[in-house]
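Asks: Here is my input, please return the structure:
(chains A and B, ligands or ions: 2)
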Amino acid sequence: MRRRSGNPGSVFPGIALVGGLLAAPLFLPLYHVNLLTEVIVFALYAVSYNLLLGYAGLLSFGHAMFFGTGAYVTAVALAHLPGLSVGSAILLSVAAATLAGVVTGALLLRHKGSYFALLTLAFNALFYAVATKWHSVTGGDDGLSVNRPNLDFLGVHLDLSDITTFYYFALITVGALIGYCWHFTHTAMGRTVLLVRENEERMKFLGYDTNISRLLLFTFTGALAGCAGSYYALFFEFTSISAISIEMTTTVLLMTFIGGTGSFLGPVLGALVYTLLHDKLSDITDRWPLIMGLIFIVMVLYVPGGLSGLIVSIRERLAGTAGKNAAQPLEGRKP
Amino acid sequence: MKDNGRILEVRDLYKDFSGLEVLAGVSFQVAQGERHAVIGPNGAGKTTLFNVITGKYKPSGGSILFQGRDITGRPPHQLCRMKISRSFQITNAFQELTVFENVRSGVRCLHGLRYHFFRRVDRDVAVNRRTEELLHLVGLGSVADAPVSTLSYGQQRALEIALTLSTDPELILLDEPTAGMTREETAEAIQLIDRVTRGKTLIIIEHDMDVVFSLADRISVLHYGRILASDRPHVIRDDQRVKDAYLGEG
Ligand SMILES: Nc1ncnc2c1ncn2[C@@H]1O[C@H](COP(=O)(O)OP(=O)(O)O)[C@@H](O)[C@H]1O
Ligand SMILES: [Mg+2]
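Replies: Ligands and ions are numbered 1, 2, ... in the order given. Here you go, the predicted model:
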């Protein structure tokens, strides 16, 4: 069939990326392998946010409530359920974030545009308040330390306390999830979400219940963020109040904007750049959030398509094919 | 056309927009398989009537029966699945997406490919085939891969019809499908509409009286939110009130 929306130009960098990531521990020092693990965890978080913002056009300031829920559920479950496996802890987090997504989504999605955005902020503040006050469970401001259990699965035994082993564990499982997210953007649901963003009224008249599709997507991205939060807790072996704070929402916003909402891999790039910058800057100065903020302002003002948008336009200019992409199926939000 | 039962019955329909009464007790009936034209001056409430029938707005009063069932106030997506479909006076498409994906989105909805989290939209043979068919039917086969925003005005109007047909409706409501077209374009468009709506029930809002009198089995005249007359074309043509209110003007 001639009707394939997969764009070969975007598959090759994907393969190169996967190859490079698999080989990374062979040539990178442990410190950087660890940093890369952090990038992978944040990449999932950013991809989930971009499905919401870039594909569905829903601006949420509350994504950290799901991320934080995932992080706390993993920490609490591992502390209170002896013998709980890593996989079960992650699944519990996903289940909790899914539940949180359905409930908050049902309340939030009745409102549109800026009301929706403000309400997500309010809900995030509510989640944050619960996490601070519910000291007996969450440890309040002290946080919770997490015991990363070893992996015993189908006869495979992995010592996840080893940096490289945990890297591969995260790379393969999170990588598979991100791969699924890529597939998702081509599925019926993925396209439905994008079409609703483009013209909700027409979608209704074509037989789609757009409230259902929005709620499904909101819940789905919440579940993905919860999963990322679970990995975050496992990675740092600690869950603190910052995991569910507004700053964690700002973090994902920054990553997504730095990378660009116009393409699928943009936010992955954003997660990489953000994490590396953060690592370097926080070594140099305590004022790193200030610099991040400046970068954010510059990106929004001068590079609205993010780094991925920049790469695409440079590539087009070099190849002299500007405008040739016009007929290509729309992906995330165009700058 | 034989009268083989009513497909649509509108009873005493009211609609007001914060005090402005646009529909003031509209009643008319449409028989199965009929081609029914709705005429009336600009601002008479024709589009509003379509909007209320197809669920965009809830009526302030009255009721709508489709195949004997009360459908008053149901949302558009449910009415669509009950096989009611409408076009828009101003093309209402997905401007940045390809013509193919535009039409496919209606077709795949019909095939139950709406919220599926695993199945790709572009690999369903039946959906693709039906989409191609529809595009050829309305003469858009050659621009299938072009974004809608690059189409000519006439092509956009053809797309509007393809979108309306994509959900395989029994009752088709077309809101001024030929507005802004030249006489030749209008003649072509009407031929197309005649062809693609065969065997279905059609309600069409149209200003060209030649078209109306040649195409329609029945005509309803809407005037200030009321039905002035609803009858066969020759009766409408000779109706003095209609002449005074509308036909005489032109
Ligand atoms: N959503 C709306 N809000 C307020 N007034 C409306 C709305 N839709 C239509 N109207 C008013 O209703 C009247 C009839 O409009 P319309 O149904 O579009 O007429 P027609 O299609 O017969 O030209 C107009 O005066 C128009 O301004
Ligand atoms: Mg009108």
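Asks: Grab the most central residue of chain A for me.
Replies: Centre of chain A computed as the mean C-alpha position; nearest residue by CA atoms, centre = their mean is A:Y45, 1.6 Å away.
Asks: And the closest residue in space to that residue that isn't next to it in sequence, what's its pLDDT?
Replies: The shortest distance from A:Y45 to any non-neighbouring residue, by CB to CB, 6 or more residues apart in numbering or on different chains, is to A:A228 (3.9 Å). Quick note: C-beta positions are derived from backbone N, CA and C, even for glycine. On the pLDDT scale, A:A228 is placed at 97.
Asks: again, but for B:F28
Replies: So B:F28 comes in at 95 (pLDDT).
Asks: For it, the count of nearby residues, please.
Replies: By other CB atoms under 10 Å in any protein chain shown, the residues close to B:F28 number 20.
Asks: cool, and A:D152?
Replies: There are 12 residues near A:D152, going by other CB under 10 Å.
Asks: Mind checking what secondary structure it has?
Replies: Under DSSP: H, G, I helix; E, B strand; the rest coil, A:D152 falls in the strand class.
Asks: show me what contacts it?
Replies: Applying CB atoms under 8 Å, 6 or more residues apart in numbering or on different chains, we find A:D152 in contact with A:S85.
Asks: Could you measure from it over to A:F264?
Replies: Distance, A:D152 to A:F264, by CB to CB, to the nearest Å: 34 Å.
Asks: can you pull out the strands in chain B?
Replies: B:6-17, B:20-31, B:35-39, B:61-66, B:69-70, B:84-86, B:171-175, B:201-205, B:218-223, B:226-231 (DSSP state E).
Asks: buried stuff in the last one?
Replies: Residues of strand B:226-231 classed as buried by neighbour count (16 or more other CB atoms under 10 Å in any protein chain shown): B:I227, B:L228, B:A229, B:S230.
Asks: which one of the strands of chain B lies closest to chain A?
Replies: Closest to chain A of the strands of chain B is strand B:84-86 (CB to the nearest CB; 6.5 Å).
Asks: Could you pull up phi and psi at the closest residue to ligand 2 within the stretch 1-150 of chain A?
Replies: Nearest residue of the stretch 1-150 of chain A to ligand 2 (CB to the ion) works out as A:K112 at 25.8 Å. Per-residue torsions, A:K112: phi -120, psi 160 (degrees, to the nearest 10).
Asks: contacting residues for it?
Replies: Applying CB under 8 Å, 6+ apart to A:K112 gives no contacts.
Asks: And it, how close does it get to ligand 1?
Replies: Separation of A:K112 from ligand 1 (CB to the nearest ligand atom, to the nearest Å): 17 Å.
Asks: Distance of that residue relative to B:P41?
Replies: Taking CB to CB, one finds A:K112 at 35 Å from B:P41.
Asks: ditto for B:A31
Replies: 26 Å.
Asks: between those two, which one's more packed in?
Replies: For B:A31 versus B:P41, the count of surrounding residues by other CB under 10 Å is larger for B:A31: 18 against 15.
Asks: wait, isn't that one in contact with B:I7?
Replies: Yes - counting by CB atoms under 8 Å, B:A31 does reach B:I7; the two are 6.7 Å apart.
Asks: what does the model give A:P8 for pLDDT?
Replies: So, for A:P8, pLDDT stands at 51.
Asks: With A:I284 instead?
Replies: 84.
Asks: so what's the residue located most distally from the centre of chain B scoring on pLDDT?
Replies: Largest separation from the mean C-alpha position in chain B: B:F118, at 33.5 Å (CA atoms, centre = their mean). Confidence at B:F118, expressed as pLDDT, is 94.
Asks: need the contact list for it.
Replies: B:F118 is in contact with A:H183, A:T187, counting by CB under 8 Å, 6+ apart.
Asks: Could you do A:P25 as well?
Replies: A:V33, A:T164, A:Y167, A:Y168.
Asks: Figure out how far stretch A:123-132 is from the centre of its chain.
Replies: Centre-to-centre, stretch A:123-132 and its host chain are 20 Å apart (CA atoms, centre = their mean, to the nearest Å).
Asks: Give the buried residues for it.
Replies: Judged by neighbour count (16+ other CB under 10 Å), stretch A:123-132 contains these buried residues: A:F123, A:N124, A:F127, A:Y128, A:V130, A:A131.
Asks: helix or strand right after the helix or strand harbouring the third one?
Replies: Spelled out, that is A:F127. Applying DSSP states H and E as the criterion places A:F127 in helix A:113-133. Scanning forward in sequence from helix A:113-133 by DSSP H and E, the next helix or strand is helix A:135-138.
Asks: and that next one, how far out from the chain's middle?
Replies: With CA atoms, centre = their mean, you get 26 Å for helix A:135-138.
Asks: returning to that earlier point: didn't the residue nearest to A:Y45 look like it was pressed against A:I40?
Replies: No - using CB under 8 Å as the test, A:A228 is too far from A:I40 to be in contact (9.4 Å).
Asks: And the two? Which one has more around it.
Replies: More crowded of A:A228 and A:I40, by other CB under 10 Å: A:A228, with 31 against 24.
Asks: Looks to me like that one is in a helix.
Replies: Yes - assigned with three-state DSSP, A:A228 falls within a helix.
Asks: Contact partners for it?
Replies: Here A:A228 is in contact with A:V41, A:F42, A:L44, A:Y45, A:S48, A:F67, A:G70, A:V174 (criterion: CB under 8 Å, 6+ apart).
Asks: Among those, which lie within helices?
Replies: Per DSSP state H, helices hold the following members of these: A:V41, A:F42, A:L44, A:Y45, A:S48, A:F67, A:G70, A:V174.
Asks: quick one: pLDDT of the fifth one?
Replies: Going back to what we said before, that points to A:S48. pLDDT at A:S48 comes out at 97.
Asks: swap in the third one?
Replies: The model reports A:L44 with a pLDDT of 97.
Asks: Roughly how far does the closest residue to it other than its chain neighbours sit from A:G222?
Replies: Leaving aside its sequence neighbours, A:L44 sits nearest to A:A228 (CB to CB, 6+ apart; 4.2 Å). Distance from A:A228 to A:G222, counting by CB to CB: 11 Å.
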